[in-house]
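> I'd like to go over a predicted model; first the sequence, then the structure.
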Amino acid sequence: MSLLTVAGLTKRFGGVVATRDVSFDVRPGELVGVIGPNGAGKSTLFDLITGFTRPDSGDVRLDGRSILGFRPDQVACLGVARTFQKLRPFPEMTVVENVMIGAFQKTADVAAAREAALAALEAVGLGDRAGAHARALSTGQRKRLELARALATAPRLLLLDEVTGGVDQATVPALVRLVRELHARGLALIVIEHNMRVIMEISERIVALQLGEVIAHGTPAEIVRDRRVIDAYLGEAWRA
Amino acid sequence: MGLVYALIAAGLSLIFGLMEVVNFAHGEFLMLAMYVAFFAWSLARLDPLASLPLAALALAALGWATYHGVIRRVLGGPMLAQIFATFGLGIFLRSGAQFLWGVDFRTVKEPLLAGRLSVGGVFVGLPQLAASALALGAFVGLYLFLSRSETGLALQATAQDRQAAALMGIDTDRMFALGWAIGSACVGVAGGLLAMFFYIFPEVGGPFALLAYVAVALGGFGNVPATLLAGVLVGLTEVFAGLVIAPAMKYAVVFLLYLAVVLWRPQGLFGRF
Amino acid sequence: MTRAVPLLALAAALAFPAAFTLPFPRHVMIMIFLYGALAVAWNILAGYCGQISLGHAVFFGIGAYTSTLLVARAELSPWLGMAAGAALAVLVSQLVGYPVFRLRGHYFAIATIAVGEIVQTLAINWDWAGGARGVFVPIKRPDSFANFQFHQSKAVYYYIALGLLLLALAVTRWLERSRHGYYFRAIREDQDAAASLGVHVAREKHRAIAVSAALTALGGTFYAQYVLFIDPESVLPLSLSILICLVAVLGGVGTLWGPVLGAAVLVPLSEGTRVWLGGTGKALDLVIYGGLIMVIATLQPAGLMGLARRFRRAP
């Protein structure tokens, strides 16, 4: 059975259609990539799945049960964690405190949460910055912080909005390696990514969006050969 | 009355829309405008109607000075600093007025317009009617200025996106100052109009400002035309509550209405988040 | 803050009534403790949880009115009234929370002002509760702890107020170290991000306001028993709500000791200027007060705690 099912999600903002009849599913342990140009509705899709936005129609099912109308924190407690495209750390809290907020989902004990948070920070390679204020981190470090925070909730499904966006080239491989490790450990992921090389490399399946609609859905090999994807997104450079 | 509220609220809304700062001294600005009208009358025998431009100009200058003296320093700061900067200004102005002019209630006697008019069997005070008409006129003027003139459009652009506006060569600092001047001038006009038929004393601004906050929040901050509707709605609710329930409770009813709306539409009646 | 400073301060506070037997210094200290406690309570909701309430006078008033009415109309002990007032304040805070917590930032602040105005208007028009004229707490003699009235000396009031402040501080300290303290701060920083990590934002906000309201109501009852007269203008005005947060802001919000520091500076200042310059009907003390707020907000938004921190960092 699939872990997450997205069925016919439609959301309009005023007159603008953000997503139209978007459907796909994610199996346990699978890594699904989501691509599309700016404004294709990728981040809206994440908001719809995690309860930040209510769809006009359609359904979101986790383990076959509808989670439509659940609040974001309820969705999180069911094991779906996310990061934000525009990073949202808690700037005036320390790095470890940031991650503890996620860790409290599994334990009410402060000391235990601190332990778990430090472990999550180690895992993303941010252990040495635990005591710093989140506002003092670089963009790459903030990405890792958000990842650690989401991981600390011990999710079954992780939604990553832009893993490498805004990060300098040198740190991209390390972040990609991190995502692969998580996937290898059996975590299911949905990854939004602009860097085509990265997304083709890590995804098992890819959903391509344009103007809120799914225009293609398949393995990376199928996607790169799809006419509509090439026209809409990859462009001439990719074909050449 | 709703139209006067709307005009007071419009000034507030304009400033908030521009830079997300609520002027908690707004009521005191109104009070000062009323004193301008009063002194124009008592010293120079100018009717409040004639001194309207004076009140508007004086308040515009005050708004301009407030921006440069206070607001600019807290713009990037925490919200609490912004709240207290203007709150402090409010207390300063109110107690300053009390210090200089005492707590006595003053009125402009023998205004140009007086008496009542029968409109379809309902008596309406002539000054109130004129105030409503002029407030509406000022409102239309403000709206036209914002939507038609180049400066108005630059103001709107600044409100939409500060950085983009700055990149396009708009001097945002000047726009902010201008916004404060225009927003305060609105209060100046409103104050001048109120002076025709309302008592003038240092604490007069309080209830008006509170109603203006509610009107602005109802309409959705920064949305000037919606503020007009919300202002009228607040005015009507007040009158209605005063007639049907009890005059003493009318403000409470307005605030309750606001909270009820919040439960149903947190973004305000016409607002979009 | 090093451990020694609070302990020394506590020792000094305990010994104070022995050294100063005149009523005025004691009165000033009592007011410092009271406003300190109120600001600490406000700080839980606003400083930690980031919900800037400008309507806390409502909870203060509920505390004052509940105990006073129970004493005056039902002859109940003020201590019972104190507990009842706190309970009622919690109840009201939960009801009010439903609409106002849907709002953020300035909208929230304005909605809390609206709540304050509604409650004050209701109190003014409620004749059984004294209306605009207010209510006197019936004088009981001789002094007794059970009656919560002490006409001989302010010393007992002094220790009760100190106890109130210590209670508020202890609750804050406890929250700071618990899971909820972390949740509160996360909500202040970014409530959407907090929700995405599984924090039940609305429930935590309700929790914060409940604690804050209860402590504020205790202060209200204390005030009523100390002054022995209350009316809507003294226990429910917007200016009281503002004063409470001003004390906290002056000291430094979101810190344990900030509000106490703020009270220690602001209360003597305002009592001093009032005695000195007030009473002339000229409101000069308020002119200074308003100007001071403006200057602090523009020059030192982090409050005195921020200033202290900067000094410590400087060599």
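The structure has been received and is ready for your questions. Numbering: from 1, shown residues only, chains lettered A, B, ... in the order given.
> In this structure A:M1 contacts A:D63, no?
Yes: A:M1 is in contact with A:D63 according to CB atoms under 8 Å; the separation is 7.2 Å. (Glycine included, C-beta is placed from N, CA and C.)
> of these two, who's got more company?
A:D63 (14 against 9; other CB atoms under 10 Å in any protein chain shown).
> Mind checking the pLDDT average for the helix or strand containing B:V232?
Per DSSP states H and E, B:V232 falls inside helix B:224-244. Confidence for helix B:224-244, expressed as mean pLDDT, is 73.
> Tell me, how many residues neighbour A:L62?
A:L62: 20 neighbours (other CB under 10 Å).
> What of the one 4 residues further on?
Burial of A:S66 is recorded as 12 neighbouring residues (other CB under 10 Å).
> Distance check, it against A:V6.
A:S66 sits 11 Å away from A:V6, taking CB to CB, to the nearest Å as the criterion.
> Spit out the residues that contact these two alike.
Contact criterion CB atoms under 8 Å, 6 or more residues apart in numbering or on different chains; residues shared by A:S66 and A:V6: A:59-60.
> show me the contacts for residue 137.
The chain I'm using is chain A. A:L137 sits next to A:89, A:95, A:129, A:145 when contact means CB under 8 Å, 6+ apart.
> wrong one, I was asking about chain C
Counting by CB under 8 Å, 6+ apart, C:V137 makes contact with C:68, C:71-72, C:78, C:149, C:224-225, C:228-230.
> Now C:N43: which helix or strand?
Assigned by DSSP H and E, C:N43 falls in helix C:23-43.
> Give me the next element, helix or strand, following that helix.
Counting by DSSP H and E, the next helix or strand C-terminal to helix C:23-43 is helix C:57-74.
> Output the contacting helices and strands for that next one.
Using 3 or more CB pairs under 8 Å, 6 or more residues apart in numbering or on different chains; DSSP states H and E, the elements in contact with helix C:57-74 are helix C:78-100, helix C:105-124, strand C:135-136, helix C:201-227, strand C:229-230, helix C:232-235, helix C:238-251.
> Report whether the longest one contacts chain B.
No: Helix C:201-227 lies apart from chain B when judged by CB under 8 Å from any CB of the partner chain; the minimum separation is 12.2 Å.
> and that helix, what other elements does it pack with?
Using 3+ CB pairs under 8 Å, 6+ apart, the elements in contact with helix C:201-227 are helix C:23-43, helix C:57-74, helix C:78-100, helix C:155-177, helix C:179-189, helix C:191-196, helix C:232-235.
> Switch those helices over to a markdown table; also include mean pLDDT, distance to C:W276 and mean neighbour count.
As requested, the helices and strands packed on helix C:201-227 are exported to a markdown table (pLDDT from 0 to 100; distance: least, CB to CB, whole Å; neighbours: other CB atoms under 10 Å in any protein chain shown):
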| stretch | mean pLDDT | distance to C:W276 | mean neighbour count |
| --- | --- | --- | --- |
| helix C:23-43 | 91 | 12 | 24 |
| helix C:57-74 | 92 | 26 | 26 |
| helix C:78-100 | 93 | 33 | 20 |
| helix C:155-177 | 93 | 23 | 18 |
| helix C:179-189 | 94 | 38 | 24 |
| helix C:191-196 | 93 | 45 | 23 |
| helix C:232-235 | 88 | 21 | 20 |
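> residue contacts, the residue nearest in space to the middle of chain C?
For chain C, C:L38 is the residue whose C-alpha lies nearest the centre (CA atoms, centre = their mean; 1.5 Å). Contact partners of C:L38, counting by CB under 8 Å, 6+ apart, are C:56, C:60, C:215-216, C:219, C:244, C:247.
> What about the residue of the stretch 201-315 of chain C found nearest chain A, how many residues nearby?
Scanning the stretch 201-315 of chain C for proximity to chain A using CB to the nearest CB identifies C:V201 as nearest, at 6.7 Å. Residues lying near C:V201 (other CB under 10 Å) number 19.
> again, but for B:G152
17.
> Let me know the secondary structure of it.
helix (DSSP: H, G, I helix; E, B strand; the rest coil).
> Out of the contacts of C:V137, which is nearest to B:S149?
Nearest to B:S149 among the contacts of C:V137 is C:I230, at 54.0 Å by CB to CB.
> any idea how far C:F136 is from the closest one?
Distance, C:I230 to C:F136, by CB to CB: 8 Å.
> neighbour-wise, which of those two wins?
Remark: of C:I230 and C:F136, C:I230 carries more neighbours, 27 against 16, as counted by other CB under 10 Å.
> Return the set of residues that bridge with that one.
Listed beta-bridge partners, C:I230: C:V135 (assigned using DSSP bridges).
> Which secondary structure element of chain A has the lowest mean pLDDT?
The helix or strand of chain A with the lowest confidence, counting by mean pLDDT, DSSP states H and E, is helix A:235-239 at a mean of 51.
> quick one, what contacts the closest residue to A:R114 other than its chain neighbours?
Spatial nearest neighbour of A:R114, chain neighbours left out: A:M100 (6.0 Å); criterion: CB to CB, 6 or more residues apart in numbering or on different chains. Going by CB under 8 Å, 6+ apart, A:M100 touches A:110, A:113-114, A:116-117, A:152, C:182.
> can you list the residues of the stretch 101-250 of chain C near chain A?
C:177-179, C:182-183, C:185-186, C:189-190, C:192-201.
> and if we set it to 10 Å?
Contact residues (CB under 10 Å from any CB of the partner chain) of the stretch 101-250 of chain C with chain A: C:177-183, C:185-204.
> hang on, C:E176 packs against C:V211?
No: using CB atoms under 10 Å, C:E176 is not in contact with C:V211; the gap is 12.0 Å.
> Quick check: neighbours shared by the two?
Here C:E176 and C:V211 share the contacting residues C:44, C:184, scored by CB atoms under 10 Å, 6 or more residues apart in numbering or on different chains.
> Give me the domain ranges for chain A.
A:4-79+A:156-239, A:88-154 (automatic domain parsing).
> quick one: the last one to chain centroid distance?
Just to be clear, that refers to domain A:88-154. Distance of domain A:88-154 from its chain centroid, counting by CA atoms, centre = their mean, to the nearest Å, is 17 Å.
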